[in-house]
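Engineer: Predicted model and sequence follow; I will ask about them next.
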Amino acid sequence: MVVAIILMGLLAFSLFGNFTQFVSHAFTFNHGFKSVSAREVGPKLDECVLEDNGSHHKIAVITVDGIITSHADDEDSNNKDDKGGDNMVDLIKAQLNRAADDDDVKAVILKVDSPGGEVMAADEINKAIVDFESDESDDHGQIAHKGKPVICSMGSLAASGGYYISAPCRWIVANDLTLTGSIGVIMEGMNYRGLMDKLGVAPVVYKSGKFKDMLSPFRSTNEIPAEEHEMVQSLVNETYEKFKGVVADGRNNAHDLNKKEGRPLADNWTDFADGRVLSGKQALNLGLVDELGDFDDAVDRAETITGIHNANLIEYQERYDISDFLSMFGQSSKTRDIKLDVGIDIPKLQAGCMYFLWQAPEN
């Protein structure tokens, strides 16, 4: 009974807190007395000030750190309800939506420090940035929302999928020691048949078609038809051509807006789009980035492009409250792993999935 009373009290406190938050968000001066609850389906975000310069103008900072993925905490689960949070794609989309709705936000700085990741996740983020920068028209063809520029600030690593999401940005700033590029696609798997033969284990497969067990790890290499190699390579090549198209479209559109101030793509840039990583200086020479510098240079460029000065720097942080804690009681019971952070982010690639990913060689 004591536990039940405590839980009822927590529930009442949570409901009261959510109600007050709804009221404060619906009647806020920053949003002109209009409700913004339509954008709050998904991650709950709080606006935090990173640098207060006493201005009513804002520049929102969105960080992409680590492997780009559409999964949340449990990478092996496809059921979002069984995970402890929103995934990276949903979070970035929600942050862009908040920045789009706030008229005081004049630009976004995308801080990228990532080796890349899943093809689909990177492509969704790329499209979200393109939509954010584009003008939005209403049903009568009038501009209802004017796009805002996104300036990319590359950290130590912005390779493969990290560059894929940077490509549509209005301006790209990289440090001369940044590792970027790695334009390419990778798909890999593991073949266990040799080990199975040594153990005397033979797979028994029933299939409806010749290629139904494509990429199966249980076949010997001489059982894999040549047509299958061609089909898989064709899929990889198709995705690779899309990657190059994203780079060309993004950089050419940015150069049309930046004019002589930005860097155009070099005529031979595709010769370097073979999966190799590039330094920031090499990327600048190829027109893959616009400027060598750091985060402060990206802020200065954002203010130059938008014509503002000394803007406040903000970020949107995901908020967790008591309702999130109570929702754990409604989740399906399942065994959860305890993970130990040893400071090394090792990607777990799924066989048969394509990735925009650069993997550093192991020592």
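Structural biologist: Cool, got the structure.
Engineer: From now on I want contacts and neighbour counts done on CA atoms only, so please keep to that.
Structural biologist: OK.
Engineer: Below-threshold pLDDT in the chain: ranges please.
Structural biologist: The chain contains residues with pLDDT under 70 at 17-41, 72-85, 137-145, 320-352, 360-363.
Engineer: for the top helix by length along it, packing partners?
Structural biologist: When the chain is parsed with DSSP state H, its longest helix is helix 226-258. On a contact count with 3 or more Cα pairs under 8 Å, 6 or more residues apart in numbering; DSSP states H and E, helix 226-258 meets helix 161-164.
Engineer: Using PDB, list the CA coordinates for the helix it packs on.
Structural biologist: What follows is helix 161-164, C-alpha atoms only, in PDB (Å, rounded to 0.1, in the frame of the first residue of the first chain):
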ATOM      1  CA  GLY A 161      28.300   9.200 -43.700                       C
ATOM      2  CA  GLY A 162      29.700  12.100 -41.600                       C
ATOM      3  CA  TYR A 163      30.400  13.900 -44.900                       C
ATOM      4  CA  TYR A 164      27.100  12.700 -46.400                       C
END
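Engineer: strands paired with whichever helix or strand comes after it, and their directions?
Structural biologist: Later in the chain than helix 161-164, the nearest helix or strand by DSSP states H and E is strand 171-174. The pairing partners recorded for strand 171-174 under DSSP bridges are strand 150-159 (parallel), strand 291-292 (parallel).
Engineer: Give me the sheet partners of whatever helix or strand comes next after the longest helix of the chain and which way each runs.
Structural biologist: Using DSSP H and E, the helix or strand that follows helix 226-258 in sequence is strand 277-279. Sheet partners assigned to strand 277-279 using DSSP bridges are listed as strand 179-181 (antiparallel).
Engineer: and residue 7, what does it touch?
Structural biologist: Under the criterion of Cα atoms under 8 Å, 6 or more residues apart in numbering, residue 7 has no neighbours.
Engineer: Helix or strand for it, just tell me which one.
Structural biologist: Going by DSSP H and E, residue 7 is part of helix 2-26.
Engineer: Just the buried residues of the following helix or strand past that helix, please?
Structural biologist: Scanning forward in sequence from helix 2-26 by DSSP H and E, the next helix or strand is strand 45-51. For strand 45-51, burial by neighbour count (16 or more other Cα atoms under 10 Å) applies to residue 45.
Engineer: Check the offset of strand 45-51 from the chain's centre.
Structural biologist: Per Cα atoms, centre = their mean, to the nearest Å, the displacement of strand 45-51 from the mean C-alpha position of its chain is 20 Å.
Engineer: next structured bit after it?
Structural biologist: Note on strand 45-51: by DSSP H and E, the next helix or strand toward the C-terminus is strand 58-65.
Engineer: Counting by contacts, list what the helix or strand just after that following strand packs against.
Structural biologist: Sequence-wise, the next helix or strand downstream of strand 58-65 (DSSP H and E) is helix 88-101. Counting contacts by 3+ Cα pairs under 8 Å, 6+ apart, helix 88-101 is packed against strand 58-65, helix 119-133.
Engineer: Parallel or antiparallel, list what pairs with the first one.
Structural biologist: Strands that pair with strand 58-65, judged by DSSP bridges, come out as strand 105-114 (parallel), strand 312-318 (parallel).
Engineer: chain center to the last one, what's the gap?
Structural biologist: Looking back up the chat, that one is strand 312-318. 17 Å.
Engineer: Please name whichever of the strands paired with strand 58-65 is nearest to residue 268.
Structural biologist: strand 105-114 (25.3 Å; Cα to Cα).
Engineer: between the closest one and helix 88-101, what angle do the directions make?
Structural biologist: 160 degrees (axes from the mean of the first three to the mean of the last three Cα atoms, to 10 degrees).
Engineer: Just the CA atoms from strand 105-114 would do, formatted as CSV, please.
Structural biologist: Below are the C-alpha coordinates for strand 105-114, written out as CSV (Å, rounded to 0.1, in the frame of the first residue of the first chain):
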residue,chain,number,x,y,z
VAL,A,105,16.8,31.4,-34.7
LYS,A,106,18.6,32.7,-37.8
ALA,A,107,20.9,29.8,-38.6
VAL,A,108,22.0,26.3,-37.4
ILE,A,109,25.5,25.1,-36.9
LEU,A,110,25.9,21.4,-37.4
LYS,A,111,28.8,20.1,-35.4
VAL,A,112,29.9,16.8,-37.0
ASP,A,113,32.3,14.4,-35.4
SER,A,114,31.4,11.0,-36.9
